[in-house]
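Trainee: Coordinates for the following, if possible.
(chains A and B)
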Amino acid sequence: MSRTSALSRLVAPAAARHLRLSSGLGLAAGLLWPVQAGAIAWAIPAWIDGRWAAGLWAAALFLGAALIRAGLEALAARRAYRGADMVITEARGALLDREVVQLSGGVSSAALGAMVAQKLPLLSPYLTRYQTAMVRVMVLPLLYLCLVFPVSWAAGLVLLVAGPLIPVFMALVGMAAKEASDRQMAEIGDMNALLIDNIAALPDIRLLNATERARTDFAARAEALKTRTMAVLRVAFLSSTVLELFAALGVAMVAVYVGFSLLGEIPFGAYATPLTLGQGLFLLLMAPEYFQPLRDLAAAWHDRAAAQSVADELETLAARPAEPILGTGGLAEAIPGPATLAMTSVAVQRGTRRLALPEITLQPGEMVVLAGPSGAGKSTALDLAAGLLRAGEGEIMVAGQVLDGLTADGWRARIAYIPQAVRMPDAPLRDILDPHGRGGDMTAALQAARADHVVAALPEGLDTRLGETGAGVSGGEARRLLLARAFLAGAEVILADEPTADLDHATARQVIDALAALKGQGAALLVATHDPELMHRADRVVRIGEDAA
Amino acid sequence: MRQLWRVLRLLWSARPGGMWRGAILSVVVLVMGAALLGLSGWFITATGMAGLAGVGIAFDVFRPSAGVRMLALGRAAARYAERLLTHDATLSALAVLRLDLLKRLSARPLAELRQLRGGVALTRITADVDALDGVALRLALPIAAALLTHGFAFLMLWWLVTLPVALTVTAGYLGGAGVILYRVGRRGFGPSSRAEAAGQEMRRAAIGLFRGQRDLILQGRMPAARAALTGAETEARAAHDLLDRLDARAGLALATLVALVTTAVMLLALHAVQSGAAQPAAAAIGVFAALALAETVMPLRRGLAELGRMRDAAERVLSQPETVVAAPKALQAPDTAAGLRVQGLTLTRPDRVKPLVEGLSFVVAIGETVAIRGESGSGKSTLLDVLARVTPSDGAVHLLGQRLEDYPEDQLRRLLTLVPQRSALMGGTIRQNLALARADVSDDAAWQVLRAVALDGVIAERGGLEAMLGEGGAGLSGGEARRLVLARALLRRPAVLLLDEATEGLDDVTARKVLSGIRETLPEVALLLAAHRHAELEFADRIIQL
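Mentor: Numbers count the residues shown, from 1 in each chain, chains lettered A, B, ... in the order given. Sure, this is the predicted structure:
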């Protein structure tokens, strides 16, 4: 039950109104079918009796009812779409509101991207098709039975028996559909997994000269997959065939009963003896529609499974402990005051561990090194200083003010952060160095950061696209480019995480020189490092995680 | 559109017999559905008239009622068979489509293939083939079935009812539905391809936002990035809304068409009865058939609304080049004693202009082990790529006495094997993974190379050569996967073996064991290691500093 509620919690009242209205319109459309059936049942006896005017009126009634029904169904479809769109947009908005301002711990950017763009839309078929079909199943067959029984209890009984009551049918439908959804996953999922696996291995396949072999292999495996899938399908289709068979047999039995009854060979079952032709035709036309909602529901069944797994995944994401950053991550006026930092008795909860940090202070023109074993909290300290994490205890003062939601954005406007693993965004280098498009000459900044020859080696210089799909830069190059950005932005506080890790001596030297140049300009530097050379150049070394006392 | 046609032919060719039989069975299902309702209507009307006339006893009730039951059972059976056949044929078609794509992709330069491993590129490709899966099942089959059914229905209605009724049903449904669906297809073209593009853009923007989250926050650009994402979302929603409106309108138009055709048949039937051209019972067949045949046109709208998306996907998939460039002729008896010789090589990274190294010269003789040392980014991997002709060189490399460029691909890969830093395993058994290197690998040969890389114990523990690996070799640890990749390369028995960070992820003892295992297995091989760890450098006969 909790799984269903994960889905229903996603539907806000406004969207629910749309969806209810859609279901209502769909029901109203369903109510018009008996009118159409009645019109035909009226028309045919009229031809026989030569009541031509009545035949014309019946045709007009049929047309009118059919047109209104078509209109109602179209309106219902649009309403359902709007409701579903609202649900999806709201769920996406809530997800983004939460995730963009908390460092996505444990969840990959690819997973979040897939959720935003690919998985959330899977809610739509469930909301537009399954839910409305469910409402129709609950109401229409019962209602049609109410119309059939007054005409002929025998025909009514046939329908009642042919569809051995809704719950039994529902179980059948459920079985058919569960296998249908398994099938979808099996056939499409596996075939694509096979394809992805093969594409990822293509370079190796080429190097091993195994192109032909891999292709034969793929074909053989696809064939084996097909054989397996078909074995499942043979059973899965049986259940839905039973559903269709019952529907067809219901129609056939009603037709045969009505025929014999009209001939007077079956004297029971109706209240008017014998059954009239018009009544008989009406019964025949009601029979297939009696089963239609069930078939719609069966066709939409696997939509629910898909939607449920999306809703579950959303809940799991939302259930993570919230760790929002300070501030909005937006552009703000730099807070005034000298660029100082002071962390006193700060502690944070990392998972189950309480991490207490020593006192850290930083003055303009000063380089403080944070040293200590890996995992001791050096990076955490830098994140705290940038307002990317919230301190559970203690106080962080920046530029003489408390670092909180109001000051964080303005504080970040004054700092530059050099992470250990730089992830270059997928953008031209010029835009990366000058994210706010302030313009101006970059030569001096690039020189100061020892990054001018990095740019010179790129095929299109500052216009080269970097990132996942563009040109790559090595770790040392990326760090120097970010230092150039710090020069360019006139950053007054530099936070650097292992700026010389994994670099050869010459490159490390250049990074250290660039840091020193920033310090020379009066910037305050807080550097987490193991590098003895950097420690040597520091004004002070603060040890973290070691028993400093 | 020509591309879509080509995709359809490709899909159909996977199992033409199955597709045709499936199409014919879909026709049988539709015809039987119409016949069931038509016969039932006729039966009831005829019995009603006979009852009124008091001639009920003379009426032959058994054949029609048997017919009704037969049609009911037959329709269900035909439906079952149709679904099995079309799914069987479709599954074959899916495989053929993916095989064709693989063939096209594998003709691309190796360096490009490496970029395909990125998540975005793979999602793009699978989204495209998914879109094309519907071409046969949702587009071609229903259209073919509708056309054939109406051809048959026309003849039957002409025979049983009247020509005007038959004409109204066939011309009304085919003509009307043709116009409506043509318009849906045309109008949906733009929105459907826009919706797909905007969806991909939204995904790209979202991944970019979360990948660069820290930087965006620190630069104060998170609200701007969020706004850009919302922009892509708005665009996607607008396109989808347009598509849905089109779809709803098409549904409305088709339902109206059904109403109009049925009403027209009611009026024509009335006229036919009035003028004595048809019996009332026969005329009733027309009305019921008209109602039942609505089933032929209603399902078509879904496939057509996706037309734009399908066409775009077809263009992207088919735009991959089809044939490999003609390979040069095989070289005569390469000098197996010559090893690998590099003379005056200029090394430039593919995305750079400035060369990394100029005038690089060295020789790796047969049976010799040479290590290349250099800091990260100094060009070790770039050098191995050039030596393995993953990226082109300028004639400075000679393999076994011949210019590297002169080898045909096939011969080159037989003589030289490169194990790059990122090597992929595939889902399947250990044996299948090894068989990529040598199709007819014997158990003895397989165990020998596994022993050489100190992996025999691990594999035996996991159930031997038939042990299954998950996608991308999941189930093995990083170091185990690395060693299996090395074992696979040993099976090639090349004259020259290039290893990029061969023992990455292995502890020192194992690394040494693996290296000597490689040398013992291939005593003659010219071995070049791009190395940075001690065990590898120590193992080499000579070290080249980049």
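Trainee: contacts and neighbour counts: CA atoms only from here.
Mentor: Fine.
Trainee: Where does A:Gly280 fall, secondary structure wise?
Mentor: Applying DSSP states H and E as the criterion places A:Gly280 in helix A:277-319.
Trainee: So which other helices or strands are in contact with the helix or strand following that helix?
Mentor: Remark: after helix A:277-319, the chain's next helix or strand is strand A:341-350, criterion DSSP H and E. Applying 3 or more Cα pairs under 8 Å, 6 or more residues apart in numbering or on different chains; DSSP states H and E, one finds that strand A:341-350 contacts strand A:353-356, strand A:360-362, strand A:393-398.
Trainee: hey, which of those is tucked in deepest?
Mentor: strand A:360-362 (a mean of 20; mean count of other Cα atoms under 10 Å in any protein chain shown).
Trainee: From the chain's centroid, how far away is that strand?
Mentor: 42 Å (Cα atoms, centre = their mean, to the nearest Å).
Trainee: ok, residues contacting the helix or strand that it is followed by?
Mentor: Sequence-wise, the next helix or strand downstream of strand A:360-362 (DSSP H and E) is strand A:367-371. Residues outside strand A:367-371 that contact it (Cα atoms under 8 Å, 6 or more residues apart in numbering or on different chains): A:362, A:378, A:519, A:524-530, A:534-535, A:538-544.
Trainee: one step back: among the helices and strands packed on strand A:341-350, which is nearest chain B?
Mentor: Checking these against chain B by Cα to the nearest Cα gives strand A:393-398 as the closest, at 15.4 Å.
Trainee: partner strands of that closest one, parallel or antiparallel?
Mentor: strand A:341-350 (antiparallel), strand A:401-402 (antiparallel) (DSSP bridges).
Trainee: B:Pro392: which of the ones you listed is closest?
Mentor: strand A:341-350 (49.8 Å; Cα to Cα).
Trainee: Name the residues of that closest one that come out as buried.
Mentor: A:Leu341, A:Ala342, A:Met343, A:Thr344, A:Val346, A:Ala347, A:Val348 (16 or more other Cα atoms under 10 Å in any protein chain shown).
Trainee: tell me the mean pLDDT over that strand?
Mentor: Averaged over strand A:341-350, pLDDT sits at 88.
Trainee: same question, stretch B:513-533
Mentor: Mean per-residue pLDDT for stretch B:513-533: 90.
Trainee: next one: it to chain centre, how far?
Mentor: 39 Å.
Trainee: distance between the ends of stretch B:384-391?
Mentor: Start and end residues of stretch B:384-391 are separated by 9 Å (Cα to Cα, to the nearest Å).
Trainee: Just the residues contacting that stretch, thanks.
Mentor: B:109-111, B:350, B:392-393, B:397, B:404-405, B:416-418, B:498, B:500, B:530.
Trainee: Number of residues surrounding B:Leu91?
Mentor: The local packing of B:Leu91 (other Cα atoms under 10 Å in any protein chain shown) involves 26 other residues.
Trainee: Quickly note the distance from it to A:Ala219.
Mentor: Counting by Cα to Cα, the gap from B:Leu91 to A:Ala219 is 11 Å.
Trainee: Check B:Val364 too.
Mentor: 40 Å.
Trainee: Then B:Leu412?
Mentor: 26 Å.
Trainee: Closest to the centroid, which residue in chain A?
Mentor: Most central in chain A under Cα atoms, centre = their mean is A:Met115, positioned 2.3 Å from the mean C-alpha point.
Trainee: returning to that earlier point: do the helix holding A:Gly280 and chain B meet at all?
Mentor: Yes - using Cα under 8 Å from any Cα of the partner chain, helix A:277-319 reaches chain B at A:Leu277, A:Gly280, A:Leu281, A:Leu284.
Trainee: In CSV: those, plus pLDDT and neighbour count.
Mentor: Converted to CSV, the residues of helix A:277-319 next to chain B look like this (pLDDT from 0 to 100; neighbours: other Cα atoms under 10 Å in any protein chain shown):
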residue, pLDDT, neighbour count
A:Leu277, 88, 25
A:Gly280, 89, 25
A:Leu281, 91, 27
A:Leu284, 90, 27
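Trainee: Please, where are all the helices along the stretch 251-400 of chain B?
Mentor: B:280-292, B:294-297, B:300-305, B:307-318, B:380-387 (DSSP state H, counting those that start in this stretch).
Trainee: how about the residues of the stretch 351-500 of chain A that lie near chain B?
Mentor: A:386, A:388, A:409, A:412-413, A:415-417, A:423-426, A:435, A:457-459, A:468-469, A:471-472, A:474.
Trainee: Now, the residues you listed that are in strands?
Mentor: Judged by DSSP state E, those include A:Ile415, A:Ala416, A:Tyr417 as members of strands.
Trainee: pull the helix or strand with minimum mean pLDDT from the chain.
Mentor: Because you didn't say which chain, this covers chain A. helix A:165-184 (a mean of 58; mean pLDDT, DSSP states H and E).
Trainee: Chain B, not that one
Mentor: The helix or strand of chain B with the lowest confidence, counting by mean pLDDT, DSSP H and E, is helix B:300-305 at a mean of 76.
Trainee: quick one on the thing from earlier: which of the buried residues of strand A:341-350 lies closest to B:Trp159?
Mentor: So of the buried residues of strand A:341-350, ranked by how close each gets to B:Trp159 (Cα to Cα), first place is A:Val348, at 86.6 Å.
Trainee: Isn't that closest one up against A:Glu395?
Mentor: No - with contacts counted by Cα atoms under 8 Å, A:Val348 stays clear of A:Glu395, the gap being 11.3 Å.
Trainee: mind checking how far A:Gly83 is from A:Ala15?
Mentor: 5 Å.
Trainee: So for those two, which sits in the more crowded spot?
Mentor: For A:Gly83 versus A:Ala15, neighbours defined as other Cα under 10 Å are more numerous around A:Gly83 (27 against 22).
Trainee: Retrieve the pLDDT associated with the more buried one.
Mentor: Reported pLDDT at A:Gly83 in the predicted model: 95.
Trainee: quick one, what contacts it?
Mentor: A:Ala14, A:Ala15, A:Ala16, A:Arg17, A:His18, A:Leu19, A:Leu127.
Trainee: so which strand or helix has it?
Mentor: Here A:Gly83 is assigned to helix A:52-99, by DSSP H and E.
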